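In: sharing a model that was predicted from the sequence below.
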Amino acid sequence: MIPALEDFFDRILGRGDAAITVPTFDGALKPNQILERAEVVGEFAEPDDLACVGGALYVADGSVLRRCEGHSSPEVRRFDRPISAVCGLPGGRLAVALAGNEIRVFSAAAGTDAGRAISGGGMHAVNALAAGPDGRLLATDGSATESSQDWARDLLNRGRSGRLFSIDPDSGQITVRASGLHHAFGVAAAGQEVVVSESWRHRLVNVGAHGGLQAVLDHLPVYPSRIVPASGGGFWLTAFTARTQLVEFVLRESAYRKRMMKEVPPEFWVVPRLRSGSSFQEPMQGAHLKTMGVVKPWAPPRSYGLVIRLAADFSPMFSFHSRVDGENHGVVAVAELDGALYVLAKGPRRLLRLTLPEAQKALAT
Amino acid sequence: MTDNVVEFRKATKLYAGVPAIQDVDFELRRGEIHAIVGENGAGKSTLTKAMSGVVTLSSGSMFVNGLEASPKTPLEARHLGIAMVFQENSLVPTMTVAQNLFLGQEKFYNRLRGIYIAAQQFLQSLNFDVTPTMTVGLLGAAKKQMVEIARAVLHQAQVIIFDEPTASLTPEEKNYFFDLVRSLKQRGVSIVFISHALEEALLLADRITVLRDGKHVVTDDASKFDRARIVQAMVGRDLSNTLYGKRKTDVRPAGERVLTVQNLKMAPMVKNNSLSIFAGQITGVFGLVGAGRTETFKIVAGVLKRDFFHGGEILLRGKPVRYRVPAPAVRAGIAYVTEDRKVEGFFETMSIARNIYLGILAKFPRGRFFLSGRESRKAGDDWISRLKVRAIGTKAKVVELSGGNQQKVVIAKSLAQEPDIIIFDEPTRGVDVGAIVEIHELINRLADEGKAVVVISSYLPEVLALSDRILVSRQGKVVEEFSALEATEEKIMYAAIH
């Protein structure tokens, strides 16, 4: 009874869980423009994910898988549906998720299938894949109702139907390891444990053997997405956009959200986006967005670019940003190869390259 | 007619036998801007107070327009054409601008409308953008300053004395003020200008007089001075490299995130302010006056309250806190060292020891029934020696101390509470250079000991010299963060203004 009353009064007074507050970008998340200044390696039509196998970098570009070779990117294999996720597996194999509901494993070098096509098991919007600790394949499914492309609708519906699948690539057996996740988007094995990004709850959770969740990093000012291991221990975490008070407020107003989804074209919904600034009709949060004709880097973001380096215990160490006045927004994937970090900015559809020692030197000054 | 408007010869003023100024010779020429600089306790205020009739000289002579004069009251000085604009302005906050202008010149029958029209015409003639019907309490610091100046000009002053006129002004307001002073000079008014900001003296003054320990050290053309020469003359030693001369080459790494402020609101000053404070670091907070810096940290320390509805969150080591009064914040380890020490910092007629003891008592949840004189004296002795407070003893009243030493007492009062988070609001405002160095050393020592230190300052060189990370506040919220290694005055000002 008392917690219910507390919730009621918190909602009226805007306190506790009803406090529409957003953590600030500081400490290890202190903004910089390193991502904005990164070298552009290539531009693609519909890039979505990156993977490294056998010293080569692969880009999922719509329904085509490409291998990056300097500034050229020849086609490796073409599929009949768009690739929603890709990852490298031991033995020079690649796993790709097609349209979020089918997974195929094949040899990266030959481009021929190395296993059966896996589908069913309730897969609907698979958006990230990773090699599991026991030779199995891990896959996150963002939503049981919305497609991967329609993530904004899932956010506005306060979706909590995300799942973590554990898949045997040989037999095609699919096991649900965790369900009820608030948009699972990104998975990585940390030793024998599995960590998942829960985007709408702005946190990373450790998924226990029986599906129990334990937050390892929370209160993020961003929506976290894919996680990949970093050389030297720890992880790289991408964040496809940043939280704002305006969106947090809209998420509390059910009637408004429903009416907005019904009456307003999706491109003008009050939701974060992977890119922004293309139309004056875009909703924006007031205060300092544009002063004296210049978009301020500290304005509340509609789109943002961020990669966070995490230590082995998932505490943030440093981060690379593309701020509000930048373009390299909507970062959904990273891959570390030969001392360089490749970053996929889905907003401008660019593949970026950062030389890590130089980037870290730029951070220090 | 002599070229000097005011002249002192061997001026001496004794307070209880102790000389505040001794055998000082001073000349103020017609139509010049004359800066008087010196450490706290150097005798600047006493000299100007003697000029404006607030105090009378114990010996020596004063001449106004070549004639010996000895004004015994400010009114007598005003009749001689000498007006003083005090640091804490002397306007009546509940009265309008026009009423303040004509205060003391009331006639038997006063027609308010007539006063407003006269005030409007007069302010326009000075090109002052102040509404005469506005209540003074609602004006900003710069506008109040304008009213003070206008009043002095209205009284046909030929000498206007400014005591720390720019202390509460923003950089833009300062520039405006400098233009005002120059326009007064063009009207033939002589200006005496007291400031601790030596750059201002160098920029504005025609001549500079340096006083030290109540004695005249040097008077020369401003063009013949540089900062180092003034400082050396003021303190008798070269401090230029120890104060703001050096840039930071390394910064302390951030420790634990001890304080997080998320979307804090207190209309109209604090608007969605978010920031974090880390242990073992000095976080400098810069912003123009009205940027909501002080208010934000006063809310953190429980001095002010955030908005009742949707006021945001303050997390102390990850846990939400809401302090309605300062005492629980003090017990939680948050100390706020006020920017306005005379009003909020201490009880000026109480002794140093008692003031520090009051700080200790604030830590007890329900106060203390029995107070210990011995404990109080011990705390006083301890902190006087630790902070090198220059006083005759623990029983000395705070009002008898110089500005720098008063500030040290305020700091001691807060540090006696053994806080983990120490918020210094304008820690060196109105403090002499010697004390500034000591206060800066203390702030650095606290950060080295692992305390989370916040320094709010309007003085950019101070922020750059002290901070490991710099937060820039604008219109009620932090808009930008810089590492001390990357920050420059230009970058900070750009973020603070645009």
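Out: Done, it's in.
In: low-confidence stretches in the stretch 101-250 of chain A?
Out: A:114 (pLDDT under 70).
In: which is the next helix or strand following the top helix by length along chain A?
Out: When chain A is parsed with DSSP state H, its longest helix is helix A:2-13. Counting by DSSP states H and E, the next helix or strand C-terminal to helix A:2-13 is strand A:39-43.
In: distance between that next one and the chain's centre?
Out: Taking Cα atoms, centre = their mean, to the nearest Å, the mean C-alpha location of strand A:39-43 is offset from the chain mean by 20 Å.
In: skipping adjacent residues, who's closest to the residue of chain A found nearest chain B in space?
Out: Residue nearest to chain B within chain A: A:Gly14 (3.1 Å; Cβ to the nearest Cβ). Just so you know, the C-beta spots here come from the backbone N, C-alpha and C atoms, and that holds for glycine as well. Once flanking residues are discounted, A:Gly14 sits nearest to B:His310: 3.1 Å by Cβ to Cβ, 6 or more residues apart in numbering or on different chains.
In: for that neighbour, what are its contacts?
Out: A:13-14, A:19-20, B:265 (Cβ atoms under 8 Å, 6 or more residues apart in numbering or on different chains).
In: check B:Val409 too.
Out: B:345-346, B:352, B:355-356, B:383, B:389, B:398, B:401.
In: low pLDDT regions in chain B?
Out: Flagging of chain B using pLDDT under 70 yields the residue ranges B:1-2, B:16-18, B:40-41, B:87-89, B:141-142, B:167-172, B:235-247, B:289, B:392, B:497-498.
In: around chain A, pick out the residues from it.
Out: Residues of chain B lying near chain A by Cβ under 8 Å from any Cβ of the partner chain: B:254, B:257, B:260-263, B:271-272, B:274-276, B:278, B:308-313, B:320, B:469, B:474-475, B:477-481, B:483, B:485-486, B:495, B:498.
In: are any of these buried, and if so which?
Out: Those of the residues of chain B next to chain A that meet the buried threshold are B:254, B:257, B:260-263, B:271-272, B:274-276, B:278, B:310-313, B:469, B:474-475, B:477-481, B:483, B:495, by 16 or more other Cβ atoms under 10 Å in any protein chain shown.
In: what distance do you get for B:Val321 to B:Arg354?
Out: 30 Å (Cβ to Cβ, to the nearest Å).
In: neighbour count for these two, which is higher?
Out: More crowded of B:Val321 and B:Arg354, by other Cβ atoms under 10 Å in any protein chain shown: B:Arg354, with 21 against 16.
In: how about the more buried one, secondary structure?
Out: helix (DSSP: H, G, I helix; E, B strand; the rest coil).
In: how about the contacts made by the residue nearest to it when sequence neighbours are not counted?
Out: Ranked by Cβ to Cβ, 6+ apart and with sequence neighbours excluded, the top spatial neighbour of B:Arg354 is B:Ser376, at 6.0 Å. The contact partners of B:Ser376, taken as Cβ under 8 Å, 6+ apart, are B:353-354, B:356-357, B:394.
In: and A:Phe249, by the same measure?
Out: Per Cβ under 8 Å, 6+ apart, neighbours of A:Phe249: A:Ile20.
In: still on that earlier bit, among the contacts of B:Ser376, who's most crowded?
Out: Ranked by the number of neighbours (other Cβ under 10 Å), these place B:Ile356 first, at 33 neighbours.
In: list the contacts of that residue.
Out: Residues near B:Ile356 by Cβ under 8 Å, 6+ apart: B:376, B:379-380, B:383, B:409, B:412-413, B:416.
In: only the buried subset of those, as a PyMOL command please.
Out: Command for PyMOL, covering only those of these found buried under the criterion 16+ other Cβ under 10 Å:
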select buried, chain B and resi 376+379+380+383+409+412+413+416
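In: in JSON lines: the contacts of B:Ile356, plus secondary structure.
Out: Shown next, in JSON lines, are those (three-state DSSP):
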{"residue": "B:Ser376", "secondary structure": "helix"}
{"residue": "B:Ala379", "secondary structure": "helix"}
{"residue": "B:Gly380", "secondary structure": "helix"}
{"residue": "B:Trp383", "secondary structure": "helix"}
{"residue": "B:Val409", "secondary structure": "helix"}
{"residue": "B:Ala412", "secondary structure": "helix"}
{"residue": "B:Lys413", "secondary structure": "helix"}
{"residue": "B:Ala416", "secondary structure": "coil"}
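In: can I assume A:Asn32 is in contact with A:Gly326?
Out: No - applying Cβ atoms under 8 Å, one finds A:Asn32 not in contact with A:Gly326, separated by 10.6 Å.
In: ok, now how distant is A:His124 from B:Val437?
Out: 67 Å.
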